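S.K.: Have a look at this prediction, sequence included:
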Amino acid sequence: MAKITAVCKSKEKGTRKKAVAEGTLKEDYGLVGDAHADCCTHRQVSLLATESIDKMRKLGFEVGPGDFAENLTTQGMELLSLPLGTKIYIGKDILLRVTQIGKECHTGCAIRQEIGKCIMPKEGIFARVVHGGRVRAGDDIRIKKNGQ
């Protein structure tokens, strides 16, 4: 079963995020206390798979959850296979809707400057918070694709 392995946030954009014990996802806003949270964007929450981070580790990089500036690190699901509009249910209360697959990496990306490569542009996804709630590592994830 798919699950959340880390919840990460930072006070500044363009920096690595730090894992926290738990966080609050606020409807139509994002992760409370994170620099990327914003009511007026379709990229309120970012997700990256542990499996993607493991690819970088196999290349010899010492990286972990939050190092690619993702808010939620997941395990056990292929994020890139999720079409736009997919509903992601986390725990009992949270509902996210996938709004973007990948992104253009900005020049100030801390991880790209440090190691020369970033996986968020190709392997990260972004979502809007439809229904918020508390999120923590270990929370189950359920997927409902369009038409299901």
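M.R.: Here it is on my side, so go on. Keep in mind the model is a prediction, meaning the values are calculated, not measured.

S.K.: So which residues of this structure form helices?
M.R.: Assignment of helices within the chain using DSSP state H yields the ranges 50-58, 110-115, 120-123.

S.K.: Restrict stretch 33-40 to CA atoms and write it as PDB.
M.R.: Taking Å, rounded to 0.1, in the frame of the first residue of the first chain, the C-alpha atoms of stretch 33-40 are listed here in PDB:
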ATOM      1  CA  GLY A  33       4.400  27.200   7.400                       C
ATOM      2  CA  ASP A  34       6.000  26.300   4.000                       C
ATOM      3  CA  ALA A  35       7.400  28.900   1.700                       C
ATOM      4  CA  HIS A  36       5.600  27.500  -1.300                       C
ATOM      5  CA  ALA A  37       2.100  27.500   0.200                       C
ATOM      6  CA  ASP A  38      -0.100  30.000  -1.600                       C
ATOM      7  CA  CYS A  39      -3.800  30.400  -2.200                       C
ATOM      8  CA  CYS A  40      -3.400  31.600  -5.700                       C
END
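
S.K.: any idea how far it is from the chain center?
M.R.: Using Cα atoms, centre = their mean, to the nearest Å, the mean C-alpha position of stretch 33-40 is found 13 Å from that of the whole chain.

S.K.: hmm, who's touching that stretch?
M.R.: Residues lying outside stretch 33-40 but in contact with it, judged by Cβ atoms under 8 Å, 6 or more residues apart in numbering, are 9-13, 15, 17, 23, 26, 28-31, 43-44, 46, 69, 71. Where C-beta positions appear, they are placed from N, C-alpha and C, glycine not excepted.

S.K.: From residue 14, how far out is residue 2?
M.R.: If you measure residue 2 against residue 14 using Cβ to Cβ, to the nearest Å, the figure is 29 Å.

S.K.: Which one of these two is surrounded by more residues?
M.R.: Taking residue 2 and residue 14 together and counting by other Cβ atoms under 10 Å, residue 2 has the greater number of neighbours (18 against 15).

S.K.: surely that one meets residue 78?
M.R.: No: with contact defined as Cβ atoms under 8 Å, residue 2 does not reach residue 78; the gap is 9.4 Å.

S.K.: low-confidence ranges in this protein?
M.R.: Low-confidence segments of the chain, defined by pLDDT under 70, span residues 103-121, 147-148.
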